[in-house]
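Asker: What follows is a predicted protein model with its sequence.
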Amino acid sequence: MMNTEIFHAPRPDSYPRLKAGPLSYLKFSLYAPSLAFSLALALVLLFASHIAMAAKPDAANTANKAVKALANQSTESSVGLLPADLGRIKQRGELVIAMLAEDRPPFFNERNGELVGLEVDLAKSIAQALNVKVRFNRESKSFNEVVELVAQRRADLGISKLSRTLARAQIVYFSQPYMTLNHALVINRIAFARLASNMRIEDAIRQYRGGLGVIAGSSYADFAKSNFPKAQVIEYASWEEVMKAVNNGEVMGYRDEFEIKRLLKEAPASALTLRTFTLKDLEDTLGIAVGVNDPTLLAFVNQILSQQRDKLDIQKVLNALETNL
């Protein structure tokens with residue numbers, strides 16, 4: 001077996017005692033250089049460690065500054081690569097959404113000081129995809145004014161239960177539909193009995209010549225003229241005024257199926273005096289208004305809508321309304 005020798009550094013008390021004389025001086029001179037070297041090396045290492053410790057905070061700060069600068073440079077360069085419409089939003093750091101001033105639950109309404117609803121969630125999802133904040137502009141008093149805000153470039157998008165009409169499509173782009181509703185009618189039962197006394201219900205509706213109540217500046221003011229050319233279209237300032245005229249037997253109310261079904265859900269007793277009709281062959285498609293100078297934003301919004309798994313339909317909206325009530 002091979003022997004292994006272990007060497008230990010001599011301890012100070014193990015150094016041989018030196019007696020005075022020439023021989024002792026010679027022996028001490030042999031030990032002195034190694035001691036001096038060890039002490040010098042220890043001092044050098046101690047000094048170096050202090051320098052390194054002092055330099056660590058400065059080095060860390062420098063590294064952090066470099067990372068932040070690189071991140072900012074990366075963000076600025078990525079914004080520079082974006083088309084003008086998306087770059088504008090990214091540079092601003094927020095997506096501006098035009099939305100009707102009056103609440104329309106469950107699409108959008110204020111609850112406990114917070115704006116909530118199905119379309120509010122949709123707007124927030126688009127802003128999140130762009131990695132920016134969302135801000136709602138609610139100065140519009142009518143649906144057409146919402147569209148006009150987008151056309152005037154005072155808002156990036158209009159999300160406000162907007163029907164895609166030909167008149168509006170002349171000043172803005174519309175996204176693909178995110179919900180489709182059927183047209184619907186509501187009429188006083190007594191007035192309808194007089195109207196359809198000798199006619200089939202379908203014929204009485206299609207050939208309707210009486211007053212047709214709609215909200216002024218709404219999509220149904222346009223729809224009424226094309227779908228009921230023989231009717232006398234009467235525009236009211238609000239849906240409440242339309243319903244007052246309906247209850248008095250003065251007009252037949254014309255709106256989307258959600259708003260008509262909402263009447264019966266909120267006031268079931270009204271079914272005793274009112275009759276409703278859903279027109280399955282007439283569709284009202286809801287879309288997002290986009291400025292005509294923002295084609296990339298339009299494509300981006302369409303991509304988000306196409307990837308949505310939970311599509312809105314009339315039953316989901318009615319369920320959301322019931323939860324909101």
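Answerer: On my side now, so go ahead.

Asker: Only C-alpha atoms from now on, for both contacts and neighbour counts.
Answerer: Will do.

Asker: any idea which residue sits dead centre in the chain?
Answerer: Closest to where the C-alpha atoms of the chain average out (CA atoms, centre = their mean) is Lys124, at 1.6 Å.

Asker: Tell me where the stretch 201-325 of the chain has helices.
Answerer: If DSSP state H, counting those that start in this stretch is used as the criterion, the helices of the stretch 201-325 of the chain fall at 201-206, 219-227, 239-247, 257-266, 295-307, 314-324.

Asker: need these in JSON lines with mean pLDDT and distance to Arg194, can you?
Answerer: Converted to JSON lines, the helices of the stretch 201-325 of the chain look like this (pLDDT from 0 to 100; distance: least, CA to CA, whole Å):
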{"stretch": "helix 201-206", "mean pLDDT": "87", "distance to Arg194": "10"}
{"stretch": "helix 219-227", "mean pLDDT": "95", "distance to Arg194": "22"}
{"stretch": "helix 239-247", "mean pLDDT": "97", "distance to Arg194": "14"}
{"stretch": "helix 257-266", "mean pLDDT": "94", "distance to Arg194": "22"}
{"stretch": "helix 295-307", "mean pLDDT": "97", "distance to Arg194": "46"}
{"stretch": "helix 314-324", "mean pLDDT": "92", "distance to Arg194": "31"}
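
Asker: can I get these in CSV with mean neighbour count?
Answerer: Shown next, in CSV, are these (neighbours: other CA atoms under 10 Å):
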stretch, mean neighbour count
helix 201-206, 14
helix 219-227, 17
helix 239-247, 18
helix 257-266, 17
helix 295-307, 16
helix 314-324, 14
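
Asker: nearest to Leu82, of those?
Answerer: The closest of the helices of the stretch 201-325 of the chain to Leu82 is helix 295-307. By CA to CA, the value is 9.4 Å.

Asker: one step back: now that we have the helices of the stretch 201-325 of the chain, can you turn them into TSV and tack on distance to Ala184?
Answerer: Formatted as TSV, those follow (distance: least, CA to CA, whole Å):
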stretch	distance to Ala184
helix 201-206	11
helix 219-227	10
helix 239-247	14
helix 257-266	5
helix 295-307	26
helix 314-324	13
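
Asker: So which of the ones you listed is nearest Ser163?
Answerer: Of all the helices of the stretch 201-325 of the chain, helix 219-227 sits nearest to Ser163, with 6.1 Å by CA to CA.

Asker: Tell me what the residue lying closest to Leu115 once chain neighbours are set aside is bridged to.
Answerer: Leaving aside its chain neighbours, Leu115 sits nearest to Asn109 (5.6 Å; criterion: CA to CA, 6 or more residues apart in numbering). Taking DSSP bridges as the rule, Asn109 bridges to Val116.

Asker: Tell me which residues touch Asn109, please.
Answerer: Asn109 is in contact with Glu102, Asp103, Leu115, Val116, Gly117, counting by CA atoms under 8 Å, 6 or more residues apart in numbering.
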